[in-house]
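**Student:** Turn this into a structure:
(one chain, ligands or ions: 1)
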Amino acid sequence: MTNREQSAVWNEVVGDAWVRHADRFDATLEPFGAAAITPLALRRAERVVDIGCGAGSTSLALAAAVAPGPVVGIDLSAPMLAEARRRAEAKRIDNVTFVGGDAQTDTPVGAPFDVAYSRFGVMFFDDPAAAFANIAGWLVPSGRLGFICFKPPAANPFITGPVMTAASVLGLAPPDPAAPSPFALADADRTHALLTAAGFTDVSFHDGPTEAVLTRDEDTQVLAQRLIEQHPVAGVALAGASDDVRARAVAATAAVLDEHRVGDEVRMGAGTWVVLAHRAA
Ligand SMILES: C[S@@+](CC[C@H](N)C(=O)[O-])C[C@H]1O[C@@H](n2cnc3c(N)ncnc32)[C@H](O)[C@@H]1O
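**Tutor:** Numbering: from 1, shown residues only. Prediction:
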């Protein structure tokens, strides 16, 4: 999928799903984002960019950590950026700005930055080598990079269980491990080489959270539907499917989720990398 196609996905059905369910996704993803914020040891007045910031919850957390330092969130998705701006206004946080742009090719206003950060927003580039070289160029010499991404599919039953069950009902082929997808940076050796070639040093990989709490209160069918809708490939396929196929995809996904329900909660295993690096001095 090219970045232009990626933009269409995140501006239409999938972006809409992330906005409609923003608080629920954030409840699940907050510990993952925090795992990459903590080791950055942010200091007051530092300048930070949040790559693929989506609906902005991590940008707001970064803004609190560096205030009054400026935080810039960049994303392709207009509806997600609108939600991010709405949240910042509601919380009266004024040291954060949200800008539309392609992190692979554009330079956000506010560069250079001391820190570049992302929670699951750097796996969707059609040319990751160009994208990380571009991001290195936004940083001051020795500036820090910290992001969280997924380990391979086998380490992530919370994605592969529900969404790949839906994908098989929807007739989708398994993803190419190097193509833009949630798993595009899963191979640590390949990602290490990519970052080094892009101008980063001191690249290190650390284990992130190993479990995702998918819900604490929803009906399983409702949960199944939103988990499929938010996935950049399965969500688009679900939107274009017939009523019958859509119902079967949701039911099959719900059956997997029910196996992991304990009381009101659904918890499943996750595998993530917290990746840290510096821009070369
Ligand atoms: C899995 S979502 C994560 C969103 C947010 N970081 C979060 O954790 O809630 C991936 C995000 O990356 C954005 N994205 C994908 N490709 C991008 C690109 N080339 N430039 C900027 N943003 C991009 C999408 O629009 C989407 O908001």
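**Student:** The residue of the stretch 151-281 of the chain found nearest the ligand in helix, strand or coil?
**Tutor:** The stretch 151-281 of the chain approaches the ligand most closely through residue 182 (6.9 Å), counting by Cβ to the nearest ligand atom. To be clear about C-beta, it is placed using only N, CA and C from the backbone, and glycine gets the same treatment. Using DSSP: H, G, I helix; E, B strand; the rest coil, the structure places residue 182 in coil.
**Student:** what's the single longest strand in this protein?
**Tutor:** Using DSSP state E to define each element, the chain has its longest strand at strand 139-150.
**Student:** how far out from the middle of the chain is it?
**Tutor:** 15 Å (Cα atoms, centre = their mean, to the nearest Å).
**Student:** Any residue of it touching the ligand?
**Tutor:** No. Residues of strand 139-150 are not located near the ligand by Cβ under 6 Å from any ligand atom, the shortest gap being 8.6 Å.
**Student:** Stretch 114-134 now?
**Tutor:** Yes. Against the ligand, stretch 114-134 shows contacts by Cβ under 6 Å from any ligand atom at 119, 120, 121, 124, 125.
**Student:** would you list every one of the helices in the protein?
**Tutor:** 3-11, 13-20, 22-37, 57-66, 78-90, 128-138, 157-169, 188-197, 220-229, 234-240, 243-258 (DSSP state H).
**Student:** Residue 160 contacts residue 153, correct?
**Tutor:** Yes. If you go by Cβ atoms under 8 Å, residue 160 and residue 153 touch, sitting 4.7 Å apart.
**Student:** still on that earlier bit, which one of the residues of stretch 114-134 next to the ligand is nearest residue 111?
**Tutor:** Relative to residue 111, the closest of the residues of stretch 114-134 next to the ligand is residue 121; by Cβ to Cβ it sits at 16.9 Å.
**Student:** The closest residue to the closest one other than its chain neighbours: what's it in contact with?
**Tutor:** In this structure, residue 121 finds its nearest non-sequential neighbour in residue 52, 2.0 Å apart by Cβ to Cβ, 6 or more residues apart in numbering. When contacts are counted by Cβ atoms under 8 Å, 6 or more residues apart in numbering, residue 52 touches 74, 75, 76, 103, 118, 120, 121, 122, 124.
**Student:** cool, and residue 76?
**Tutor:** Counted by Cβ under 8 Å, 6+ apart, residue 76 has contacts 3, 6, 7, 10, 11, 52, 100, 101, 102.
**Student:** in its sheet, what does the longest strand of the chain sit against?
**Tutor:** Taking DSSP bridges as the criterion, strand 139-150 sits next to strand 113-119 (parallel), strand 272-279 (antiparallel) in its sheet.
**Student:** In TSV: those strands, plus mean pLDDT and mean neighbour count.
**Tutor:** Listed next are the strands paired with strand 139-150 as TSV, based on pLDDT from 0 to 100; neighbours: other Cβ atoms under 10 Å:
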stretch	mean pLDDT	mean neighbour count
strand 113-119	98	25
strand 272-279	98	22
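**Student:** got these as a markdown table, with distance to residue 66 columns?
**Tutor:** Putting those into a markdown table (distance: least, Cβ to Cβ, whole Å) gives the following:
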| stretch | distance to residue 66 |
| --- | --- |
| strand 113-119 | 8 |
| strand 272-279 | 17 |
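**Student:** Let me know which of the helices of the chain is the nearest to residue 268.
**Tutor:** helix 157-169 (3.6 Å).
**Student:** Run through who's touching the closest one.
**Tutor:** Here helix 157-169 has contacts from 150, 153-154, 174, 182, 211-212, 214, 224, 227-228, 231, 233-234, 237-238, 245, 248-250, 252-253, 255-257, 260, 268-270, using Cβ under 8 Å, 6+ apart.
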